[in-house]
Structures are given as structure tokens and as C-alpha cells.
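Trainee: I'll drop the sequence and a predicted model, then ask my questions.
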Amino acid sequence: MRIACIGGGPASLYASLLFRQALPEAEITVYERNREGETFGWGVVFSDETLGHFMQADPVTSDEISKAFVHWTAIDTWLRGTWVRSNGHGFSGLGRRRLLAILGARCKALGVRMVFDREVPSPQELAATHDLVLGSDGVQSMVRQAYAGHFRPDVRMGTARFTWLGSTLPLEAFTFIFQETPHGLFTVHAYPFEPGLATFIVECNESTWTRAGMEAADEAATARFMEGVFAEHLRGHRLLTNRSIWRRFPTVRCAAWHHQNVVLLGDAAHTAHFSIGSGTKLAMEDAIALVAAFRAHGTRDIPAALAAYEASRRRDVDRLQRAARVSQAWFEEADRYVAQAPHAFVFNLMTRSQRITYANLRTRDAVLVDEVARRYAPASSAAAPAPAPGTAGPRPPALVPLALRGITLPNRIVVSPMCQYSAREGVPGDWHLVHLGSRAVGGAGLVMAEATAVAADGRITHGCTGLWDDAQEAAWARIVGFIHGHGASKAGIQLAHAGRKASWGLPWEGDRPLADASAWPTLGPTAEPFAPGQPAPRAMTRADMEAVRAQFVASARRAARAGFDVLEVHAAHGYLLSSFLSPASNTRTDAYGGSLERRMAFPLEVVRAVREAWPQDRPLFVRISASDWLEGEPGMTCEDAVVLARALAAAGCDVVDVSSGGNVPRGRIEYGRMYQVPFADRIRHDAGVKVMAVGGIPDVDHANTVLAAERADLVAIARGHLLNPYLTLQAAGVARDPAFAWPRPYAPARPS
Ligand SMILES: Cc1cc2nc3c(=O)[nH]c(=O)nc-3n(C[C@H](O)[C@H](O)[C@H](O)COP(=O)(O)OP(=O)(O)OC[C@H]3O[C@@H](n4cnc5c(N)ncnc54)[C@H](O)[C@@H]3O)c2cc1C
Ligand SMILES: Cc1cc2nc3c(=O)[nH]c(=O)nc-3n(C[C@H](O)[C@H](O)[C@H](O)COP(=O)(O)O)c2cc1C
């Protein structure tokens with residue numbers, strides 16, 4: 001077996017030394033373009049968990065690496081002259097040079113042939129003369145390029161500029177510095193990796209970079225300039241350079257990582273933004289997986305072993321890249337958050353990649369998280385008795401009340417509106433009473449009833465609820481009476497018109513447009529159907545708009561009489577108002593189509609009219625789709641949603657409920673944990689409005705995370721509530737929140 005490894009970075013060296021042990025007969029050669037000991041960069045970081053993997057794979061190098069470590073458990077953050085320390089994080093750093101020396105020495109001891117100062121011009125020749133070629137040639141990978149047709153790389157450049165500097169500053173913790181200057185915000189990611197040496201990465205956005213004159217600055221000029229910017233933190237220490245040029249971070253992804261006998265490893269195959277400190281870890285874990293695949297499959301069928309390697313790594317790498325993308329975006333837009341109070345800011349920073357929740361962070365650092373919670377609701381915390389030692393801590397953010405106009409929601413968990421398709425003639429029945437009633441018993445601060453049509457032709461299906469006649473109003477009043485009569489939950493209702501998505505079959509009867517005699521004519525901004533081949537709606541005339549507006553107003557009045565505390569206008573998911581908002585569905589050429597302002601005109605008219613009809617002391621929510629998830633064609637974007645949110649607030653909307661998608665079938669929604677929260681976060685900060693986050697928020701712990709980081713003011717949970725109506729009650733039990741109003745009959749279960 002002959003193996004050629006292109007590149008002398010961590011992926012290549014680690015794979016080589018592991019291969020030598022797994023396949024002692026193999027002849028392994030490493031080709032590195034640089035001279036021995038010559039490399040870029042400063043330190044690398046590993047978590048305690050990664051070290052465990054190294055220990056299993058090769059205890060000899062793991063021991064050497066451990067001996068070289070600087071270990072720390074704290075993360076320090078500096079913001080506007082305030083310092084906040086978070087403890088309980090286990091990390092280790094060492095110099096990249098040192099790491100490569102350890103791996104290189106072990107390779108040599110095991111008989112790996114090391115060829116330095118040798119540029120491999122193309123992989124084909126090696127592929128013809130070797131059984132296996134490792135494309136471990138880093139982020140600029142020539143191997144990836146040579147087989148681009150097979151690997152199908154996708155490389156996206158980040159928007160921020162960064163440079164990887166070193167410093168003699170003695171640090172005892174991972175250190176973030178957010179420094180506002182007249183040029184803009186500069187962010188530092190710094191960590192110790194050898195006694196007296198630290199990595200000091202400086203990052204800023206493009207305009208700050210240009211304003212600061214960094215475009216023309218060489219390495220030395222950059223270092224001197226940054227010594228000025230961070231003088232207070234550096235306390236006379238110098239910044240050091242080692243190919244410390246300004247770059248933008250490239251996120252590399254490849255559709256395939258192997259072709260015949262050539263395989264990509266490490267940065268050549270995938271990169272993860274440095275803010276989650278995982279590039280070297282990923283490279284070395286690739287090496288472990290590659291060699292394990294050969295151990296399992298033998299060397300006879302190399303493509304099979306390579307396929308097994310790729311299959312074993314995909315999920316972890318995808319997960320990490322997703323977290324890295326979110327983290328990268330956070331830093332690229334850190335300006336948005338620097339106005340936060342320091343503790344909330346630090347919590348936001350710690351939980352940015354959505355991998356760490358409130359509860360996770362609290363197990364590491366209860367002092368920080370409890371301080372965040374105390375500051376979240378100083379007034380209510382002051383009223384609450386001190387928590388029992390070693391138990392719950394202060395009241396978690398999800399259980400903190402929220403006052404909106406004359407209504408106070410007892411906590412911030414909302415049952416998201418969910419169609420039940422179980423009404424007759426629009427009248428909610430016993431199913432709705434039990435469904436909504438049990439969720440109120442379960443303690444959610446607000447129980448929002450499903451999309452309820454303002455007119456018969458505005459229903460999605462024959463099974464949808466309505467609020468256009470007295471029977472419906474009376475049935476809703478019975479449900480609201482139950483909710484108000486058995487706990488502290490407030491009752492909300494979502495008013496909707498399904499527009500061109502109306503006249504649909506029940507989900508369990510085909511989930512497609514009705515095609516029989518029970519179908520009815522639908523309305524839309526234009527005569528274009530939701531999907532090709534479906535029945536076309538009628539393009540609305542001005543008279544239609546006035547009629548629909550009047551229907552919303554009449555239903556709002558009925559909702560007020562039925563006793564609802566909160567009203568939500570449904571302007572999301574491609575239903576009537578949503579289809580007006582998006583350029584993907586609204587191509588009208590009159591005053592109601594074209595620019596965003598015109599597309600918003602009719603939905604805003606409805607919201608204003610509803611606001612006037614809805615009692616002034618009760619809050620109004622509007623659900624929007626903040627993105628159509630379309631690329632390369634006109635569609636609703638988060639920038640549009642920020643403008644929309646401001647306009648909604650001016651029209652009297654108290655909370656923007658931030659959902660997404662549903663407007664056109666070709667939108668490619670990237671589902672995942674908390675996948676819509678970044679939209680809510682952005683709208684909240686950029687438009688300065690209260691928002692409700694929804695989507696992939698499975699439980700109260702995640703809700704606490706979103707709230708404590710100030711990404712939203714309320715959290716709606718849909719499917720999580722179908723699985724467990726008692727989410728809030730349980731959370732109150734765990735938190736032993738003395739202020740939580742338990743339903744009287746359940747009081748015996750209340751933990752004391
Ligand atoms: C600013 C910054 C900070 C980072 N911080 C961290 C961190 O804290 N922790 C962490 O784990 N990772 C960090 N990384 C990422 C880390 O450096 C990489 O993810 C890691 O080095 C990937 O290892 P690799 O072996 O795949 O590639 P590399 O380490 O890039 O090695 C590739 C090698 O191939 C050689 N080469 C390339 N082409 C050829 C050729 N044609 N012929 C011969 N030789 C060739 C190169 O000279 C290089 O030595 C950071 C990266 C940057 C840019
Ligand atoms: C059964 C079901 C019915 C739904 N009906 C509605 C609805 O009537 N109105 C609405 O705005 N969203 C509706 N949704 C979307 C949810 O309110 C929520 O936004 C979405 O499910 C994402 O939240 P989750 O990940 O917590 O489930 C529905 C979702 C489900 C699962």
C-alpha cells in the first residue's frame with residue numbers, strides 16, 4: 001500500500017501517523033511545500049472532549065500534546081470598559097508550530113517519509129503511482145480544484161475582515177474584546193497558547209476596515225495600528241505578525257470528499273469559522289475517521305473505505321459547519337448587540353451558535369446565568385423569595401411576566417397557533433375546548449387559537465375555524481371562559497384569510513386543492529395560483545380589498561366580545577396578506593404591488609383597521625414570514641421584514657410574530673433547531689420592536705436561551721406543545737417558582 005499525503009498540516013500528519021500504526025506495511029510519504037518548522041499562524045484550541053478522542057486514537061501524541069498545553073477554564077469579555085468573566089469552560093491551547101512538531105516527530109519515529117520544501121503541482125501523477133492520495137492541502141486546496149467536477153466545492157467568503165496576530169500579553173482566559181472606535185467596532189478573539197504568548201485575532205466589518213485605512217496597511221502597519229486601538233488591554237505588550245495578512249473567512253463545503261483513490265481531509269474538504277475554534281479538531285478527527293474506515297474495510301476496496309469515511313464524518317461536520325455559520329454571522333453583525341447590557345451581551349455571545357442552552361451554560365457557570373436571570377426581571381425577582389440553595393436559582397426568563405398594553409401575560413411561553421381542521425361550519429367544538437384548554441392548564445402564558453377565518457371563503461379547509469357568525473362567537477366565548485376560569489393563561493386568536501391557499505383538502509384527505517363540488521373560488525393579489533397547475537385565484541379588486549378589510553374588522557369585534565386578550569393578524573405563510581407582501585407572489589402593477597411600500601399597503605390597511613376595532617387596552621400581534629427562502633429571484637427578505645416590522649409597529653402592532661416561508665412552493669427552508677430565531681433577533685434589534693420567536697424551539701430551556709440573549713420577547717412553541725401541553729407547568733415546577741399560578745386542582749403536585 002502506497003499512500004501520498006499532500007500537505008504537512010495537522011490532517012496530513014495525524015492521518016500519516018495513524019495509518020502507520022493501522023497498516024504497518026504501508027509506505028507513506030508527506031509532501032509539504034514549506035520548509036520544516038515553517039508555518040503560518042499562532043495557537044490552536046481544543047476542548048476537553050476533543051482531547052478524549054486524541055487519547056483513544058494515539059496516546060503517545062496525545063500525551064505530548066497535553067504536556068504542551070496551556071489550560072484555562074474562563075472566558076473573559078470586555079465591552080465598553082466592563083469586564084465579565086464566565087467560568088467552567090474547559091479549553092486548552094498550544095502553538096500550531098508546536099503541534100506540528102509533535103505530530104512530525106511521531107511521523108518520523110514511525111517511519112513516515114517526510115518531504116519538505118516540495119510543492120505538489122497536481123495530484124494526478126501521485127494518484128497514478130499510489131494506492132491512496134490524501135488531499136490534505138488546506139483551505140486553498142489544489143487537489144479540491146483539480147477534481148472540482150467530482151468534489152463540487154462551494155466556497156463562500158465571509159463579509160468580515162480578520163487578521164491572525166500574536167501577542168506577548170499574558171492571558172489567563174479566552175478573551176473577547178469588543179472595542180468601539182471612531183472607525184467602527186473591532187473585535188478580538190484572544191487566547192494563551194504558550195507561557196507569554198497568545199493568539200490575537202482581530203476582526204471587523206468591511207466599512208470599519210476601510211475607514212481605519214487597513215486596506216493599505218501591511219502586516220507591520222496593521223500590528224502598530226491595533227496596538228493603538230487595544231492599548232488599554234495590551235498594557236505595553238506588543239502584537240506580533242506571522243503572515244498576518246487581512247483576509248475574509250472562506251466557508252468551504254464539498255458535495256463529495258472522495259473520488260477513486262483521492263480523498264479530501266481537513267480544511268481542503270470543509271472549514272468552520274475560527275470563532276468556534278474547530279478547524280484543527282475537524283482536521284484531526286477526519287484523520288481518525290479515515291484510518292478507522294480502513295481498519296474496518298481493509299485495503300482491497302479503497303473507494304468503499306473512502307465512502308465509509310465520508311459517511312461517518314458527514315453528520316458531525318455538517319452540524320459543526322452549521323454552528324460555525326451562525327457563530328460567524330453573529331460576529332459579522334456584532335454591532336447589533338453592543339448596546340446590550342454587558343451580562344445579556346455575554347449570555348448572547350456564549351449561546352450564539354445555538355449549541356449551548358441556558359441550562360447547559362448554567363451547569364458550567366451558574367453565577368453568570370443567575371446574574372443574567374436576576375437582571376432580566378429585577379422587579380419580579382426582588383418580590384420573589386430567595387431560591388433554595390443548590391436548587392433552581394432565580395426565576396428563569398421564560399417565567400417572567402410581560403405586560404402589553406392593559407394585559408399582563410403571566411409568562412413568556414406561547415402556544416403557537418395550530419390549525420386543527422376539526423371545526424364544523426367554522427364552529428370550534430369539544431376538540432378545540434380540550435386541545436386549547438389542556439394547554440392553558442399546562443401553564444403557557446398565552447394560548448393562541450388557530451388560524452381562524454374572517455369569512456367562509458377565507459378558510460383553508462372545510463374543517464377550519466371561523467369567526468364571522470354568532471354561533472362561532474359563542475363557541476369561542478366558551479373556550480375563552482374555560483381558559484380564564486382555570487388558570488392564569490391568557491387567550492389569543494389568530495385571524496386569517498387563506499387567499500389563494502384557500503379551498504384545500506383536509507391534511508388526512510389528500511392535502512391538495514379541492515377538486516370536487518365542495519371547492520370554492522379564491523382570492524389573491526394576482527390571478528397566479530400558489531403552485532403551477534392549481535386553480536387560479538381571482539386578482540383582488542379595490543372592492544374586494546374593502547370587503548376583506550371589513551371582514552377582519554367584524555371578526556376582531558367578535559373576538560373582543562368573545563373575551564380574547566390578544567388578537568393576531570395572520571400575515572405569514574402565503575395566506576392572503578402574506579401573498580401581498582412578497583414580490584414572489586405579488587406582481588401587481590397598481591398601488592398595491594411593486595415596491596415594498598406598495599406591497600405593504602393593503603396588509604397595513606387591514607392592520608390599522610383591526611387596531612381601531614380591537615380594544616385599545618388589548619395587544620395586537622401580527623405574524624409575518626420574514627423570508628421566502630428564495631435565492632436568485634425576488635422574494636421577501638429579512639431586510640424587507642425589518643422595514644415591515646417598523647411599519648406594523650407604527651400601525652399599532654405590539655408584537656411581531658416572526659415566522660417564515662410558505663409563500664411559494666419553491667422556497668427552500670433550512671429547517672433546524674431554532675431556525676427562524678435569527679430573523680426574530682434581527683427584527684427586534686434593527687426595527688426596535690417586540691418580537692415573538694417561533695420555529696424549532698423544542699422546550700422551555702431553549703426558550704430561556706432565546707429570551708436571556710434578548711433575541712425575542714416571547715417564544716411560541718407549536719409541535720413541542722402537541723407532545724407535551726404541560727411544558728410551562730413543568731418548567732415552573734423545576735424552577736420552584738413561588739409566583740407561578742398552578743391550577744387549583746393540581747396544587748398538590750406543586751414542588752415545595
Ligand atoms: C485566523 C485563524 C484562526 C484559527 N484558529 C484556529 C483555532 O483556534 N483552532 C483550530 O483548531 N483551528 C484554527 N484555525 C484553523 C486551522 O488552522 C485549520 O483548520 C487547520 O490547520 C486545518 O488543517 P489542515 O491540515 O486541513 O490544513 P493546513 O493546516 O492548512 O495544512 C495544509 C498544508 O498543506 C500545504 N500545502 C498546500 N498546498 C500544497 C501543495 N500543493 N504542495 C505541498 N504542500 C501544500 C500547506 O503549506 C499547509 O502546510 C484557524 C484558522 C485561521 C485562519
Ligand atoms: C399542526 C400544525 C398546525 C399549524 N397551524 C398554524 C396556524 O394555524 N397558523 C400559523 O400561523 N401557523 C401554524 N402552524 C405553524 C406553527 O404555529 C409554528 O409556526 C411552526 O410549527 C413552527 O414551530 P414549531 O417548530 O414549534 O412546531 C401550524 C403548525 C402545525 C404543526
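Mentor: Thanks, I have the structure now. Ligands and ions are numbered 1, 2, ... in the order given.
Trainee: in the stretch 551-700 of the chain, which spans are strands?
Mentor: Assigned by DSSP state E, counting those that start in this stretch, the strands in the stretch 551-700 of the chain fall at 566-571, 620-625, 655-659, 691-694.
Trainee: The third one near ligand 2 at all?
Mentor: Just to be clear, that refers to strand 655-659. Yes - Strand 655-659 lies within reach of ligand 2 by Cβ under 6 Å from any ligand atom, at residue 659. In this view, the C-beta of every residue, glycine as well, is placed from N, C-alpha and C.
Trainee: Now render the strands of the stretch 551-700 of the chain as TSV, adding distance to ligand 1, mean neighbour count and mean pLDDT.
Mentor: Below are these laid out as TSV (distance: least, Cβ to the nearest ligand atom, whole Å; neighbours: other Cβ atoms under 10 Å; pLDDT from 0 to 100):
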stretch	distance to ligand 1	mean neighbour count	mean pLDDT
strand 566-571	43	28	99
strand 620-625	37	27	98
strand 655-659	33	28	98
strand 691-694	31	27	98
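Trainee: Quick one: these as TSV, columns for distance to residue 520 too.
Mentor: Shown next, in TSV, are the strands of the stretch 551-700 of the chain (distance: least, Cβ to Cβ, whole Å):
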stretch	distance to residue 520
strand 566-571	19
strand 620-625	24
strand 655-659	26
strand 691-694	30
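Trainee: For residue 482, the count of nearby residues, please.
Mentor: By other Cβ atoms under 10 Å, 18 other residues sit near residue 482.
Trainee: Name the SS class of it, please.
Mentor: Three-state call for residue 482 (DSSP: H, G, I helix; E, B strand; the rest coil): helix.
Trainee: Just the pLDDT for it.
Mentor: Here, the pLDDT recorded for residue 482 equals 98.
Trainee: Same question for residue 383.
Mentor: Taking residue 383 on its own, its pLDDT is 44.
Trainee: just to revisit the earlier point, which among the strands of the stretch 551-700 of the chain is found nearest to residue 414?
Mentor: Shortest distance between residue 414 and the strands of the stretch 551-700 of the chain, using Cβ to Cβ, is found for strand 691-694: 6.3 Å.
Trainee: Return the closest one as CSV; C-alpha atoms alone will do.
Mentor: Extracted in CSV, the C-alpha atoms of strand 691-694 (Å, rounded to 0.1, in the frame of the first residue of the first chain):
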residue,chain,number,x,y,z
VAL,A,691,-41.0,40.1,18.7
MET,A,692,-42.1,36.6,19.3
ALA,A,693,-39.7,33.9,18.0
VAL,A,694,-41.1,30.6,16.7
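Trainee: Following element in sequence after it, please.
Mentor: helix 700-708 (DSSP states H and E).
Trainee: so what does whichever helix or strand comes after that following helix touch, helix or strand wise?
Mentor: For helix 700-708, the following helix or strand on the C-terminal side (DSSP H and E) is strand 714-717. Contacting strand 714-717 under the criterion 3 or more Cβ pairs under 8 Å, 6 or more residues apart in numbering; DSSP states H and E are the following elements: strand 413-415, strand 691-694, helix 700-708.
Trainee: picking that back up, closest one to residue 666 among the strands of the stretch 551-700 of the chain?
Mentor: Between the strands of the stretch 551-700 of the chain, strand 620-625 lies closest to residue 666; by Cβ to Cβ that is 14.0 Å.
Trainee: In its sheet, which strands sit next to the closest one, and in what direction?
Mentor: Strand 620-625 has the following strand partners under DSSP bridges: strand 566-571 (parallel), strand 655-659 (parallel).
Trainee: Mind exporting the C-alpha coordinates of it to CSV?
Mentor: The C-alpha coordinates for strand 620-625 follow below in CSV (Å, rounded to 0.1, in the frame of the first residue of the first chain):
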residue,chain,number,x,y,z
LEU,A,620,-52.3,43.2,18.8
PHE,A,621,-49.8,40.8,17.2
VAL,A,622,-49.0,40.2,13.5
ARG,A,623,-47.4,37.1,12.3
ILE,A,624,-45.1,37.6,9.3
SER,A,625,-43.0,35.4,7.0
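Trainee: Pull up the residues of the stretch 301-450 of the chain that are close to ligand 2.
Mentor: Counting by Cβ under 6 Å from any ligand atom, the stretch 301-450 of the chain sits next to ligand 2 at 416-419, 450.
Trainee: what helix or strand does residue 29 sit in?
Mentor: Residue 29 is part of strand 27-31, with elements assigned from DSSP H and E.
Trainee: The helix or strand just after that strand: which residues count as buried?
Mentor: Beyond strand 27-31 on the C-terminal side, the first helix or strand identified by DSSP H and E is strand 43-47. Residues of strand 43-47 classed as buried by neighbour count (16 or more other Cβ atoms under 10 Å): 43-46.
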